[in-house]
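K.L.:
Give the three-dimensional model of this entry:
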Amino acid sequence: MTTTYSATKQLANGVQMPRFGLGVYKMTDSKKTVDAITFALEHGYRAIDTAAIYENEMETGEAIRASGIARDELFVTSKVWNTDQGYDQTLRAFEVSLKKLGMDYLDLYLIHWPVGETFVDTYRAIERLYEEKLIRVPGVSNHHIHHLEKLAVTANIAPMVNQVELHPLLTQVPLREYCAERNIAVTSWSPLARGKLLHNPVLIQIGNRHQKTATQVIIRWHLQNDLIVIPKSITPERILENSQIGDFVLSDEEMKMIDELNRNERTGTDPDTIG
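P.N.:
Predicted coordinates for the structure are as follows:
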């Protein structure tokens, strides 16, 4: 029997971040959310990725407390939403998130989107939270290279994680290379391109070679590209399937075949269009 993938990635400050976790985007039914997170934790997941705008931070905290797993064995991420950005507003929003989660600290706190000119002040607040040891890792989400360069002008502590839309249809190679050069870990959201690739013949063919599904092949591709990956599911079978990707390796040829699926095609919003 295969087990949940449990490798970690060492971040710029030495913190070990799980390379694989559960995303809870669009989990809006309270009971189903708690049940999904509970099932994931029972089956070896140790990272949960939520956000203020998902409106399920309370459920995330509830499931974690009920699990009986020690807090320091888990890695919890949340994000400040666009309408709460700015220095003081971010500090207040963080307090609200922490209260909803019922926690004393977060492992990772992200700017959800780079809003106008505000995201620079938002990141200053995140730096303060890091300095005060209320978060273990400062980070950003949906930041292009030019956003990261703008932060670099004033930041005392560089973001250690950048969470972006990334999948075989949108491989983001220039951004990945930029982040790798600066020791910024990249997390892939929408890693399965919202299901667009699950019937792709190339991925099915590769999966058949390894007795794996197209989903598992895609997740493995992320991991072998040194990406952190947080697929979302509320279905127990899918939660298990997504996690069982540690017992096979894609060849260089197979990785190249998947790379060639790139179309620079987004399933979500381009960060440059955020107001």
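
K.L.:
So residue 6 sits against residue 44, correct?
P.N.:
Yes. Counting by CB atoms under 8 Å, residue 6 does reach residue 44; the two are 6.5 Å apart. For the C-beta atoms, the positions are set from N, CA and C on the backbone; glycine is no exception.

K.L.:
Contacts only, for the residue lying farthest from the centre of the chain.
P.N.:
Distance from the centre of the chain peaks at residue 209, with 28.4 Å (CA atoms, centre = their mean). By CB atoms under 8 Å, 6 or more residues apart in numbering, the contact list for residue 209 reads residue 254.

K.L.:
Double-check that it belongs to a helix.
P.N.:
Yes. Residue 209: assigned to a helix according to DSSP: H, G, I helix; E, B strand; the rest coil.

K.L.:
What separation is there between it and residue 215?
P.N.:
15 Å (CB to CB, to the nearest Å).

K.L.:
OK, contacts around residue 60?
P.N.:
24, 33, 37, 48, 50, 76, 101.

K.L.:
quick check, nearest of these to residue 125?
P.N.:
Each of the contacts of residue 60 was checked against residue 125 using CB to CB; the closest is residue 101, at 17.8 Å.

K.L.:
For the closest one, which non-adjacent residue is closest in space?
P.N.:
Nearest non-adjacent residue to residue 101, counting by CB to CB, 6 or more residues apart in numbering: residue 61, 4.0 Å away.

K.L.:
Mind telling me what element the one you found is part of?
P.N.:
helix 57-67 (DSSP states H and E).

K.L.:
Just say helix, strand or coil for residue 174.
P.N.:
Secondary structure of residue 174, per three-state DSSP, is helix.

K.L.:
next one: residue 261
P.N.:
Three-state assignment for residue 261 (three-state DSSP): coil.
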